[in-house]
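Mind folding the following:
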Amino acid sequence: MASLLTAVGLTQSPLSTPMPNYGPGFLIFHFVFAYGVLSSRTLKQSYGIDHQVSPRQDLNRYGEAAVREGKITQKQLDMLYRNEGAHANSVENYTLFVASIALATYAGVPRTTINAAGWTYTVARILYAINYITVDHSRPAQWRGIFWWIGNLSCLTLLWKAGQALSN
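Presented below is the predicted three-dimensional model:
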């Protein structure tokens, strides 16, 4: 178990090799996740309702018509709207994550702390996205707020620790 924790950057290697800072890797992953994986373009293209001329208006302009024409179901359209919401929230939240990783690294926050926050944020954001896109009932959708707060608290923790390190 110790080697797994060392491999993911949560414990120091018993050897004299320095602990890696996986912050840059987390930043790359979350950029691709927010701007690529969660983009609704792929789903809209597969349903045949993606319009390159005005892609941000696809669902507003063509969604209901696609349901009426039988291209997609109302449930699929609702999922596409939730997918767009998850995408927008991930893009908006990326700035906080970048700032927290960058400032913590600059301030010299221990790499194990940065890596733990990065893993926490990653798991929380993936669960957030899955919940946002797939859950269409009010009660289980409440978990989304919990996942959102867990991700943000990992960032706020890094900012707090960076502030402490910079004050010393």
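
Any idea how far the helix or strand hosting residue 25 is from the middle of the chain?
Assessed by DSSP states H and E, residue 25 sits inside helix 23-32. How far helix 23-32 lies from its chain's middle: 10 Å, per C-alpha atoms, centre = their mean, to the nearest Å.

Could you give the average pLDDT over it?
Summarised as a single mean, pLDDT over helix 23-32 is 97.

elements contacting it?
When contacts are defined as 3 or more C-beta pairs under 8 Å, 6 or more residues apart in numbering; DSSP states H and E, helix 23-32 sits against helix 74-107, helix 111-134. Every residue, glycine included, has its C-beta placed from N, CA and C.

Backbone dihedrals for residue 108, both of them.
phi 80, psi 30 (degrees, to the nearest 10).

So residue 52, which state does it fall into?
coil (DSSP: H, G, I helix; E, B strand; the rest coil).

How about residue 71?
Under three-state DSSP, residue 71 falls in the coil class.

Next, count neighbours for the nearest residue to it once chain neighbours are set aside.
Closest residue to residue 71 apart from its sequence neighbours, by C-beta to C-beta, 6 or more residues apart in numbering: residue 48 at 5.6 Å. Residue 48 is flanked by 11 other residues according to other C-beta atoms under 10 Å.

doesn't residue 70 make contact with residue 48?
No. The pair residue 48 and residue 70 does not pass the contact test of C-beta atoms under 8 Å, sitting 11.1 Å apart.

coming back round to it: any idea how far the residue nearest to residue 71 lies from residue 58?
11 Å (C-beta to C-beta, to the nearest Å).

one step back: and the helices and strands packed on helix 23-32 as TSV, adding mean neighbour count?
Shown next, in TSV, are the helices and strands packed on helix 23-32 (neighbours: other C-beta atoms under 10 Å):
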stretch	mean neighbour count
helix 74-107	18
helix 111-134	20
